[in-house]
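Trainee: generate a structure from the sequence data that follows.
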Amino acid sequence: MDSTKKYLEKISKTLEKNLDERENLIKNTRQIITLCSESIIDCHKNDTKSATKKVLEAKKLLAQYRKNINKSLYRYLIPSEQEFVEASSFLALVQGKEIPSPESLQVKEESYVLGLLDCIGEMRRDVYDKIRIGKSEDARKMFEKMDDLYLQLYPFAYFDKVIKEARRKLDVGRILVEETRIAITEEIRRAELIKSMKK
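Mentor: Coordinates of the predicted model:
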């Protein structure tokens, strides 16, 4: 039994180390999540300069953690990667650019899919913001991108066992797309009515 005790003590020390690394990782990656959240807020305020700065800062921090992380703990980096994908993608969309690739963002496939699913919510908010200030055409264009992104992501419901939360996020995304479609349709009809009344 002495040898078993020795093995268990060794395992205990390894697990203790992993636990400490996990705690530090979760604590430190909160800064990345905060930077990405602030970047999204800046995008909604049309301050893309500040948003870009925060996204680049988050990317730099992610690269540092990725370099030093124990591979068995990588799953704890997924939430911050997911936020980074969401912020980077939304910034690109607001700037009229293509959504960046997972390779350029240097993130795992799971983080990329989940981040894009979360981006649908920010696109919806952007559509409503544009409708509110009378930019119907810009709102329509953003909605078309939102709808297209959802349709491209929909097949990933099949991988729900591999990509956690994918199906739930897709269900939420579908509701957001349909609600936004109704809002856009109503806005277009309203704009056409006002136009016809002015003739």
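Trainee: list the buried ones in stretch 61-77?
Mentor: Buried residues in stretch 61-77, counting neighbours by 16 or more other Cβ atoms under 10 Å, are found at 61-62, 65, 73, 76-77. Yep, even glycine has a C-beta here, placed from its N, CA and C like the rest.
Trainee: by mean pLDDT, point me to the weakest helix or strand of this protein.
Mentor: None of the helices or strands of the chain scores lower by mean pLDDT, DSSP states H and E than helix 2-44, at a mean of 83.
Trainee: next secondary structure after that helix?
Mentor: Next in sequence after helix 2-44, counting helices and strands by DSSP states H and E, comes helix 48-68.
Trainee: what helices or strands is that next one leaning on?
Mentor: When contacts are defined as 3 or more Cβ pairs under 8 Å, 6 or more residues apart in numbering; DSSP states H and E, helix 48-68 sits against helix 2-44, helix 78-94.
Trainee: which helices and strands sit right next to the shortest one?
Mentor: If I follow you right, that is helix 78-94. Helix 78-94 packs on helix 2-44, helix 48-68, helix 102-105, helix 109-132, going by 3+ Cβ pairs under 8 Å, 6+ apart.
Trainee: if we can go back for a sec, other SSEs contacting the least confident helix or strand of the chain?
Mentor: Using 3+ Cβ pairs under 8 Å, 6+ apart, helix 2-44 is in contact with helix 48-68, helix 78-94, helix 109-132.
Trainee: hmm, who's touching the shortest one?
Mentor: Meaning helix 78-94. Here helix 78-94 makes contact (Cβ atoms under 8 Å, 6 or more residues apart in numbering) with 29, 32-33, 35-37, 39-40, 43, 46, 48, 51-52, 54-55, 58-59, 62, 65, 98-100, 102, 105, 107-108, 110-112, 114-116, 118-119, 122-123, 126, 142, 145.
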